[in-house]
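Asks: structure of the sequence below:
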Amino acid sequence: MPIVAQSTETTDWVSRYADEVIEESERRAPGAVTSVATAPVVVVASGLSPSGPIHLGNLREVMTPHLVADEIRRRGHVVRHLISWDDYDRYRKVPAGVPGIDDSWAEHIGKPLTSVPAPAGSSYPNWAEHFKAAMTKSLAELGVEYDGISQTEQYTSGVYRDQVLFAMKHRGDIDAILEQYRTKKSPAKKQGQKPLDEAELEAAEGSGAAAEDDGSTDAGYFPYKPYCGSCEKDLTTVTAYDDETTELTYTCSACGFFETVRLNEFNRGKLVWKVDWPMRWAYEGVVFEPSGVDHSSPGSSFQVGGQIVGIFGGKQPIGPMYAFVGISGMAKMSSSKGGVPTPADALQIMEPQLLRWLYARRRPNQSFKIAFDQEIQRLYDEWDKLEGKVTDGSVLPADAAAYTRAVGTAAGELPRTPRPMAYRTLASVADITAGAEDQTLRILSELDPENPLGSLDEVRPRLDKAETWINTQVPAEERTVVRDEPDTELLKSLDDQGRESLRLLLDGLDANWSLDGLTHLVYGVPKVQAGFPADATAKELPAEIKVAQRTFFALLYHLLVGRDTGPRLPTLLLAVGQDRVRKLLGA
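Replies: Purely as a prediction, here's the structure:
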């Protein structure tokens, strides 16, 4: 199979694929290239089935060719990134956890997705359009430029009619290829390798229906499957076909309906998936398309398609097999299960640049996780650190390339937060203020008194993302609630060292009322109590100082929020305000 080689090098994987795609595109049109301006249009492709929420694993099917296409555009070539909406696929099952549906949707199993009603309350005309809409909006926010193709429109308008007739005429050749794999067993699993569940297999196969039959019937092999003229379902079996007249007879096992139609004027059906996909490669001239990890198995759609595409006079695309995308803090993704994180979910809590970066910085064959838990704060710290390295020129070339691909496309930079304060700080403030804008502005302005914020718009949309994360992903028991009154019992129980630590802190508040100043102060109090300078470094201090700092921090958290831990203390102190801090600490 012409799979692009996977490399363990740290160089930019996108550029390597772009090189190979341009070379392959020019190889397929020899003599057509004298300059970039006369080079053939490069076609890359993705496929998405709107059978339910389109999740963050499916997004890799789009982001991989998008990043490669964008690099090719940056070099001056014309690129088409096709996204085939597989909305003419059969409705396979009722997904769990989708609002607005119940078990009654099971009556639609077997119909095209565009013939299934949208969930109750939806403003969209059918099931497919309902789930396409959220993904379309997310792709626009991510800056993904593409040409969308509805497979329902392609088939029902007769665009593929010649291809359908050609496939039926050459069904014997197609059947011979498929027969090579029908009796082959999948390779043995490696020791310790977890078996793929049904949802993972569907995701691995990418677009189309992984479990769809290949067209074999008792009456022979037919690569075309009609949707029933009575019940609209694909529970049909072709019983006869005449190559000369194109008369096709089928029966429906769901309702008993049968009819004979002329395939040269009939548009209510589609090629089976293992024939449909390579037909499209040839029809669209696709040069690059990624595929899921399960395509390495014998008889997989990509492997079989590599042979069938030749029947249609085309070539198999080059492209990597991509690994799964996991979620940190949420259950394993599956397009068939409710509550599955989608790109829209991720974009509620993170800026598009960060989400693009997560896909750009890892080679397609590397799995990675997208954080919905506390890990998102670390990811943002890493992202901000990278931006700092880009600014000061210390960034490594591969990291610089991933950053450039994250912040914009060949069309320009994506909108960004004008003043990107630390995500963990914004989240802490949003947590403490419960979204009160006047308090939020006060606290954020006091972080750097010499350069105060003029408006919260300066820290948006990052502030809004952090606030949404706090409100939707942080459990209620982990939210921060500042005490209304001092913990008098705890204050009375303090020994001399504890009271002295509070006095040192309170005495230093006025002179250190900023984020940096309070950071220096809270870390410095235990140092001073132990007889060291407040600015002494860790190398200059005994290990006991860290223990003393943890004890001091725990005391402050208990007095301020009644817990052992909480937001970073400097941020918390600013949020609470000097007067209230003094009251709660017993001044």
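
Asks: what stretches of the stretch 401-550 of the chain score poorly on pLDDT?
Replies: Within the stretch 401-550 of the chain, not a single segment meets pLDDT under 70.

Asks: what about the strands in it?
Replies: Along the stretch 401-550 of the chain, counting by DSSP state E, counting those that start in this stretch, strands occupy 408-409, 412-413.

Asks: which of the ones you listed is buried the deepest?
Replies: strand 408-409 (a mean of 19; mean count of other Cβ atoms under 10 Å). To be clear about C-beta, it is placed using only N, CA and C from the backbone, and glycine gets the same treatment.

Asks: and it, which strands flank it?
Replies: Strand 408-409 pairs in its sheet with strand 412-413 (antiparallel), by DSSP bridges.

Asks: neighbouring contacts of the strand it pairs with?
Replies: residue 407 (Cβ atoms under 8 Å, 6 or more residues apart in numbering).

Asks: next one: that strand to chain centre, how far?
Replies: From the chain centre to the centre of strand 412-413 is a distance of 21 Å (Cα atoms, centre = their mean, to the nearest Å).

Asks: again with stretch 479-497
Replies: 44 Å.

Asks: dump that stretch to CSV, restricted to CA.
Replies: Output of stretch 479-497 as CSV, limited to C-alpha atoms (Å, rounded to 0.1, in the frame of the first residue of the first chain):
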residue,chain,number,x,y,z
ARG,A,479,-15.1,25.0,43.5
THR,A,480,-13.7,27.8,45.7
VAL,A,481,-15.9,29.4,48.3
VAL,A,482,-14.3,32.2,50.4
ARG,A,483,-15.3,32.3,54.0
ASP,A,484,-17.7,34.9,55.2
GLU,A,485,-16.3,35.0,58.8
PRO,A,486,-13.0,34.2,60.4
ASP,A,487,-12.3,30.7,61.7
THR,A,488,-12.0,31.9,65.3
GLU,A,489,-11.4,28.4,66.6
LEU,A,490,-8.4,27.8,64.3
LEU,A,491,-7.0,31.3,65.0
LYS,A,492,-7.2,30.7,68.7
SER,A,493,-5.4,27.3,68.4
LEU,A,494,-2.3,28.7,66.6
ASP,A,495,1.0,28.5,68.3
ASP,A,496,3.5,31.4,68.3
GLN,A,497,5.1,30.3,65.0
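
Asks: which of the residues in it are buried?
Replies: Going by neighbour count (16 or more other Cβ atoms under 10 Å), the buried part of stretch 479-497 is 480, 482, 486, 487, 491.

Asks: list the contacts of the helix or strand in which residue 572 is found.
Replies: Assigned by DSSP states H and E, residue 572 falls within helix 569-576. Contacts to helix 569-576, defined as Cβ under 8 Å, 6+ apart, come from residues 425, 428-429, 432-433, 439, 443, 446-447, 480, 482, 509, 513, 515, 518-519, 522, 553, 556-557, 560-561, 566-567, 581, 584.

Asks: quick one, which of those are buried?
Replies: Buried by 16+ other Cβ under 10 Å: 425, 428-429, 432-433, 443, 446-447, 480, 482, 509, 513, 515, 518-519, 522, 553, 556-557, 560-561, 566-567, 581, 584, out of the contacts of helix 569-576.

Asks: quick check, nearest of the buried residues of stretch 479-497 to residue 276?
Replies: Taking Cβ to Cβ as the measure, residue 276 lies nearest residue 480 of these, at 53.6 Å.

Asks: just to revisit the earlier point, turn the strands of the stretch 401-550 of the chain into a markdown table, columns for distance to residue 215.
Replies: Below are the strands of the stretch 401-550 of the chain laid out as a markdown table (distance: least, Cβ to Cβ, whole Å):
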| stretch | distance to residue 215 |
| --- | --- |
| strand 408-409 | 40 |
| strand 412-413 | 47 |
